[in-house]
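Asker: the amino acid sequence is not available; the structure is as follows:
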């Protein structure tokens, strides 16, 4: 069976060696991509490894340092393939990623999300191998595992994640692409997932289409992006009637960075103070940790506020109530 031509798309600002590893991963594909299109969010273009497929670097400007939504739309417009496979710059594609996505993505089939495995610091050193990755990589504890079959429906649009996904170009056009009113970090992914749901395009998990996420210093919750998270959560509410990123907002509240003022359903989010070094240290991913984890930080903050260890049911219940409040939903009675 002949598969449709696949354009692999990524965005980059800095992280030159990460991007070079993306290219090396694409050179190892069982089915070569039609092209790699790089949305360059910096002044200089990249010096990249030689390939048997074309690489096109597209400069993406904007008024904000991270025009993520606009950049994804720009690389999609430039792409020549029928299938658009979006892979983040810190993700090395496994050898069957292009073939796995090309086999699934058809017009009307919607969006497909492949597997993501996380690497500890140093695993992507020169001379890396996929066997070496498989020996140390971990799945994120807060993400769904691969489906039992080739695909499975993702019934919650909030699980959409642009880190590793593919969609037929006709379906991307039908969705309208990413909403460019979202500026900076956070919210544009959930908005795109909500849009797919709104226009009736399914979201599916894929077995395979795997990437290996390269370690880089990160923080979860993204306290260093607090301002854009708050602003984009409010944009989402203006558009859809409720906020998103409620787990991050709850963490910021526990940290004493923000508070809600007013009463449901019209309360406002007010910034109380700026994040400091202690806040950043609490959220920072360490090199021995393959990924950062907001749930871990929330639990620490909950117990710090309570002054005692919390049972799982109590901690989860408190988190759900707080998240409902940030979503702009009425509280529910305790079970």
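Answerer: Nice, thanks for sending it over. No experiment lies behind these values; they were computed from the predicted model shown.
Asker: mind listing the strands for the stretch 51-200 of the chain?
Answerer: 55-59, 83-87, 91-93, 111-113, 116-118, 151-153, 164-168 (DSSP state E, counting those that start in this stretch).
Asker: SS state for residue 9?
Answerer: strand (DSSP: H, G, I helix; E, B strand; the rest coil).
Asker: please apply the same query to residue 37.
Answerer: Put simply, residue 37 is strand when judged by three-state DSSP.
Asker: count of residues packed around it?
Answerer: 25 (other CB atoms under 10 Å). The C-beta positions use only the backbone N, C-alpha and C, and glycine is treated the same way.
Asker: residues touching it, list them.
Answerer: 7, 8, 9, 10, 55, 56, 58, 75, 78, 79 (CB atoms under 8 Å, 6 or more residues apart in numbering).
Asker: restricted to buried residues, select those residues in ChimeraX.
Answerer: Filtering the contacts of residue 37 down to the buried ones (16 or more other CB atoms under 10 Å) takes a single ChimeraX command:
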select :7,8,9,10,55,58,75,79
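Asker: just for the chain, where's the confidence low?
Answerer: 1, 62-65, 264-265, 285-290, 329-335 (pLDDT under 70).
Asker: give me the contact list for stretch 174-188.
Answerer: 63-70, 72-73, 76, 162, 167, 191-192, 195-196, 199, 201, 222, 225, 227-229, 231-233, 235-236, 239, 244-245, 248.
Asker: report the buried members of those.
Answerer: 66-70, 72-73, 76, 162, 167, 191-192, 195-196, 201, 222, 225, 228-229, 231-233, 235-236, 239, 244-245, 248.
Asker: one step back: any chance of a markdown table for the contacts of residue 37, columns distance to residue 175?
Answerer: Putting the contacts of residue 37 into a markdown table (distance: CB to CB, whole Å) gives the following:
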| residue | distance to residue 175 |
| --- | --- |
| 7 | 17 |
| 8 | 19 |
| 9 | 15 |
| 10 | 19 |
| 55 | 26 |
| 56 | 23 |
| 58 | 20 |
| 75 | 15 |
| 78 | 17 |
| 79 | 15 |
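Asker: now, which of the contacts of residue 37 sits nearest residue 134?
Answerer: Distance to residue 134, by CB to CB, is smallest for residue 8 among those, at 21.6 Å.
Asker: from residue 106, how far out is that closest one?
Answerer: Distance, residue 8 to residue 106, using CB to CB, to the nearest Å: 18 Å.
Asker: next: residue 255.
Answerer: Here the distance between residue 255 and residue 106 works out to 45 Å (CB to CB).
Asker: and what of residue 294?
Answerer: Here residue 294 is placed at a distance of 35 Å from residue 106 (CB to CB).
Asker: between the two, point out the one with more neighbours.
Answerer: Set residue 294 next to residue 106 and count neighbours by other CB under 10 Å: residue 294 wins out with 18 against 14.
Asker: that one and residue 251 touch, don't they?
Answerer: Yes - assessed by CB atoms under 8 Å, residue 294 is found in contact with residue 251 at 6.1 Å.
Asker: between the two, which contacts overlap?
Answerer: residue 221.
Asker: count the residues that sit near residue 102.
Answerer: Residue 102 has 25 nearby residues by other CB under 10 Å.
Asker: swap in residue 266?
Answerer: Residue 266: 7 surrounding residues under other CB under 10 Å.
Asker: three-state assignment of it?
Answerer: Recorded secondary structure, residue 266: coil (three-state DSSP).
Asker: just the buried positions in stretch 309-320, please.
Answerer: For stretch 309-320, by 16+ other CB under 10 Å, it's 315, 318, 319.
Asker: which of these lies at the shortest distance from residue 209?
Answerer: Set against residue 209, the nearest of these by CB to CB is residue 319 (31.2 Å).
Asker: now for the closest one: which residues touch it?
Answerer: Residues in contact with residue 319 (CB under 8 Å, 6+ apart) are 247, 250, 298, 302.
Asker: from residue 284, how far out is it?
Answerer: Applying CB to CB, the value for residue 319 to residue 284 is 21 Å.
Asker: same question, residue 104
Answerer: Residue 104 sits at a distance of 36 Å from residue 284 (criterion: CB to CB).
Asker: when the two are compared, which one has more neighbours?
Answerer: With neighbours defined as other CB under 10 Å, residue 104 and residue 284 compare such that residue 104 has more, 21 against 16.
Asker: what about the residue nearest to that one when sequence neighbours are not counted, how many residues nearby?
Answerer: Nearest residue to residue 104, sequence neighbours excluded (CB to CB, 6 or more residues apart in numbering): residue 112, at 5.1 Å. Using other CB under 10 Å, residue 112 has 25 neighbouring residues.
Asker: residue 112 touches residue 208, doesn't it?
Answerer: No - the criterion here is CB under 8 Å, and residue 112 misses it with residue 208 at 10.1 Å.
Asker: residues contacting residue 30?
Answerer: Shown in contact with residue 30 (CB under 8 Å, 6+ apart): 95, 96, 98, 99.
Asker: export those to a markdown table and tack on distance to residue 176 and neighbour count?
Answerer: Output for the contacts of residue 30, formatted as a markdown table (distance: CB to CB, whole Å; neighbours: other CB atoms under 10 Å):
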| residue | distance to residue 176 | neighbour count |
| --- | --- | --- |
| 95 | 33 | 16 |
| 96 | 30 | 18 |
| 98 | 26 | 29 |
| 99 | 28 | 17 |
